[in-house]
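Trainee: A predicted structure for the sequence below; I have some questions about it.
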Number of protein chains: 2
Amino acid sequence: MKRATTRVATRRLPDRHIGWIGVGKMGARMCRRALAAGYRLTVLEPVVENRAIVVARGAGFVSTAAELCDRARVIVLTIPDDSVLREVVLGPDGLCAHVAPGDIVVDMSTVSPHLSAEAADVLARTGAAFVRAPVSGSTQLASDGQLTILLSGPPEAVRAVEPLLATLSTRRLYLGAGEEARYMKFVLNILAGSTAAVLSEALMFGRKGGLSTRAMLDVIADSIVASPLIEGKRDMLLARDFDPAFSIQQMITDFDLVADTARAIRAPMMIAGLIRQQFELARAAGDGERDYFALLEQFERMAGLAPEAPDEADDTLPETG
Amino acid sequence: MKRATTRVATRRLPDRHIGWIGVGKMGARMCRRALAAGYRLTVLEPVVENRAIVVARGAGFVSTAAELCDRARVIVLTIPDDSVLREVVLGPDGLCAHVAPGDIVVDMSTVSPHLSAEAADVLARTGAAFVRAPVSGSTQLASDGQLTILLSGPPEAVRAVEPLLATLSTRRLYLGAGEEARYMKFVLNILAGSTAAVLSEALMFGRKGGLSTRAMLDVIADSIVASPLIEGKRDMLLARDFDPAFSIQQMITDFDLVADTARAIRAPMMIAGLIRQQFELARAAGDGERDYFALLEQFERMAGLAPEAPDEADDTLPETG
């Protein structure tokens, strides 16, 4: 079957010197991939400890966007949120004051489409292109260069940075010339957060009916509603070990970005709105820093169920006769 | 990894003469599988046209539960709902008045755990066993003998009917001695109905942001939130052809069964409650007999979006230079 999205073909990047702003958990892993692939990197990262990891592997560093723009014609952003994007691109000493015509800014963060469009407009005034490239995947997938990158923006700029992005990812999906990648990232986040909530409600219901979480997850894994996400969270749900791959706090931030965007585009989000509040209940109960699938225990508390003991005994068919 | 559920091992059924009550869409297909496997069948089905299909293939028929119980020691039910189960098992001329000690009644319908427990209790008074065996799967899977059967009830009775059930299914999952299979079926239904609703909300949001349904389904299919259910509904969602595999009307019936049960076991079902009402909006708009994934168009109407044209053009990366 023909698929609508396009896996972008690899071409040569004209300049193998990359500027990189924001070297946090994800960014550091991605920088290491780019360095290992032979790119020269100069980073702008205020936290010395974060910066040191990539400097030890051969990256240079600078303290201002002006210096970064002196050295690199392609600048990658892996930053936490809208407020940092606003400062880094639109601030008085931000990229918009220093980029040159033909420069490419590649933002791989999860930020709002409206701020993203504003950044693109301002950069375009000096002839710089803005590539939207939010990523989907864990820190482990980042280390392994197996992220999925959602792409939108000017097609020539997207093609130009394709070889760099290929060092970070196994899938690159081009979705359009504007903010399409931002919306697509939100669609995936809505589905991931909603999966946690809907699964939690169903598992709570089943436990009230006498089923074990283990038995239910077994049947679900064999059913049409199975997903890599649910399968990937199986051990966490059984061991009740909610060491975060992505925290409730982070999911709330993402749902709030979705809500702000939905307000702007007038999309009625009744289910996402309810689920946002359920994550809030979990945060209020002290679970903000646990994985977002710890929402299960919030549903259990709401139903008056004690948390299930980890590693519960199997349900097996008794031997007869 | 060790799984909690047990795939029941096949043994010989002592009596290859089966009574069968209810020969509708699913039941007729299952009867044909059993006949083809060499079972003798006697059916009790008031609708002559339905009955004729299996009688033409060699089944006998009777008009009362009394006659059925004269002939068969194992009786299978594939009936539409609680009210029919009540009449067929507990009614004045129902099975409870005619079964003999050692008889096995196998109910493969989706009914409430509370009525199921009542039926089991009443049958047990005359020494008959009640096997709960709700099925998961489409009419096509029923024709192909590839259903999944969720099983609970007395283990010896479950073992005794295992060879018969093996002619209908590829997976049989034993969950416990009581109503566990009923609850598990509801857990799967909640997840299926919720998937339709959550996906519809996310796709509506994405379309408001300029994405095509096709592009979103492509990315979702490649993501951690992919599921066989979403993949199976892909063509339906793109062609906007909601010929029902399972209708909105049927999903509402199932969600109401869940709600009645949740009330009895005191399970707070906020998300399922909201989604139930969204299916009601779709039914009110005239979509009751369409597939439950037609809920997408309800979300689009709520957002002021026109339905997307079927088979929309691809989003492809424009050629440059």
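Mentor: Arrived safely, thanks for sending.
Trainee: can you pull the contacts of the nearest residue to A:Ile75 once chain neighbours are set aside?
Mentor: Excluding its sequence neighbours, the residue lying closest to A:Ile75 (CB to CB, 6 or more residues apart in numbering or on different chains) is A:Gly19, at 4.0 Å. Glycine gets a C-beta too; all of them are placed from N, C-alpha and C. By CB atoms under 8 Å, 6 or more residues apart in numbering or on different chains, the contact list for A:Gly19 reads A:Leu41, A:Thr42, A:Val43, A:Leu44, A:Leu68, A:Cys69, A:Arg71, A:Ala72, A:Val74, A:Ile75, A:Val76.
Trainee: List just the nearest of those residues to chain B.
Mentor: Within the contacts of A:Gly19, the smallest distance to chain B is 17.2 Å, found for A:Val74 (CB to the nearest CB).
Trainee: What residues are bridge-paired with that closest one?
Mentor: Counting by DSSP bridges, A:Val74 is bridged to A:Ile18, A:Ile104.
Trainee: distance of it from A:Thr126?
Mentor: For A:Val74, the distance to A:Thr126 equals 15 Å [CB to CB, to the nearest Å].
Trainee: More neighbours: these two, which one.
Mentor: A:Val74 (23 against 15; other CB atoms under 10 Å in any protein chain shown).
Trainee: Report whether the expected contact of that one with A:Ile104 is present.
Mentor: Yes - if you go by CB atoms under 8 Å, A:Val74 and A:Ile104 touch, sitting 4.9 Å apart.
Trainee: any residues in contact with both of the two?
Mentor: With CB under 8 Å, 6+ apart, A:Val74 and A:Ile104 have common neighbours A:Ala160, A:Val161.
Trainee: The helix or strand A:Gln298 falls within and chain B in contact?
Mentor: When elements are assigned from DSSP states H and E, A:Gln298 belongs to helix A:295-302. Yes - among the residues of helix A:295-302, A:Met302 lie within reach of chain B under CB under 8 Å from any CB of the partner chain.
Trainee: The residue nearest to A:Ala129 when sequence neighbours are not counted: what secondary structure?
Mentor: Spatial nearest neighbour of A:Ala129, chain neighbours left out: A:Ala157 (3.6 Å); criterion: CB to CB, 6+ apart. Per DSSP: H, G, I helix; E, B strand; the rest coil, the local secondary structure of A:Ala157 is helix.
Trainee: Could you identify the helix or strand that succeeds the helix or strand encompassing A:Val131?
Mentor: In this structure, A:Val131 sits in strand A:129-132 according to DSSP H and E. Downstream of strand A:129-132, the first helix or strand assigned by DSSP H and E is strand A:135-136.
Trainee: Could you name the helices and strands sitting against that next one?
Mentor: When contacts are defined as 3 or more CB pairs under 8 Å, 6 or more residues apart in numbering or on different chains; DSSP states H and E, strand A:135-136 packs onto strand A:147-152.
Trainee: residues making contact with the strand it packs on?
Mentor: A:8, A:30, A:108, A:131-137, A:141, A:158, A:165, A:168-182, A:184-185, B:219, B:222-223.
Trainee: Now do the helices in the stretch 1-150 of chain A.
Mentor: Under the criterion DSSP state H, counting those that start in this stretch, the stretch 1-150 of chain A contains helices at A:25-36, A:48-55, A:65-71, A:82-85, A:113-124, A:139-143.
Trainee: And for the shortest one, what's in contact with it?
Mentor: By CB under 8 Å, 6+ apart, the surrounding residues in contact with helix A:82-85 are A:Gly22, A:Leu77, A:Ile79, A:Asp107, A:Ser109, A:Val111, A:Ser112, A:Leu115, A:Ser116, A:Ala119, A:Leu257.
Trainee: Neighbours of the fifth one, how many?
Mentor: Meaning A:Ser109. 24.
Trainee: Same question for the fourth one.
Mentor: Burial of A:Asp107 is recorded as 28 neighbouring residues (other CB under 10 Å).
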